[in-house]
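K.L.:
quick check, what structure comes out for this input:
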Amino acid sequence: MMGELTGTVITSMEVAQMVGKKHYDLLKDIRRYAEQLGEGKISVSDFFTESSYATEQNKTMPCFLVTKKGCEFIAHKLTGQKGTEFTARYINRFHEMERDLMNPQPAEIPVGEVASYLKVMDRVAVRQNLAPYKIAENFKKVSEQFGVQLTADFVKVPEYEQLTLDFRKGGGAA
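P.N.:
Next up, the predicted model:
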């Protein structure tokens, strides 16, 4: 279901690493491919988009954003072992991105904020005279929403003793 990846790209630096090529040489290849696609009136942006990145020295350098189609295009230009390895690597990479899109991780929320929220929630629950196990249930639900998994036995529901009344002579509780 790679159709879900519309707009998903990897950088030409990552592609260069995958194919074992110098980034500068890959840029020349992509520019040539883009020119040829343009001459054929084929949308270059379906495959490659010009971009840039900042080096550690804060210098702006050119790169391309490469779509899955662009990776397929580059793979078809490679032969032998390099072509086989690149094809496997880019397929794995796009499947990994698809898996990440389908299973988003919960947003990172600072632990201090979660703790503060739970303290306020506890104060409110105590003020409302909620039973301790009800407070624990709420605490567990909120914790799980923030990705904190608590043990199954975290909430202990009390087992109340049944009070039986003896209505025989003298009445009263048994």
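
K.L.:
report the buried residues of the host helix or strand of residue 30.
P.N.:
According to DSSP states H and E, residue 30 maps onto helix 23-39. The neighbour-count check on helix 23-39 (16 or more other C-beta atoms under 10 Å) flags 23, 26-27, 29-30, 33-34, 37 as buried. Every C-beta, even on glycine, is put in place using the N, C-alpha and C of the backbone.

K.L.:
what do you get for stretch 63-71?
P.N.:
So for stretch 63-71, counting by 16+ other C-beta under 10 Å, buried means 63-68, 70-71.

K.L.:
if we can go back for a sec, could you point out which element follows the helix holding residue 30?
P.N.:
Once the chain leaves helix 23-39, the next helix or strand it forms, by DSSP H and E, is strand 48-54.

K.L.:
for the protein, which helix is longest?
P.N.:
If you go by DSSP state H, the chain has its longest helix at helix 80-102.

K.L.:
before we move on, the earlier item: could you dump the buried residues of helix 23-39 to TSV with pLDDT and distance to residue 17?
P.N.:
Putting the buried residues of helix 23-39 into TSV (pLDDT from 0 to 100; distance: C-beta to C-beta, whole Å) gives the following:
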residue	pLDDT	distance to residue 17
23	95	8
26	95	10
27	96	13
29	95	15
30	95	15
33	94	19
34	93	20
37	92	24
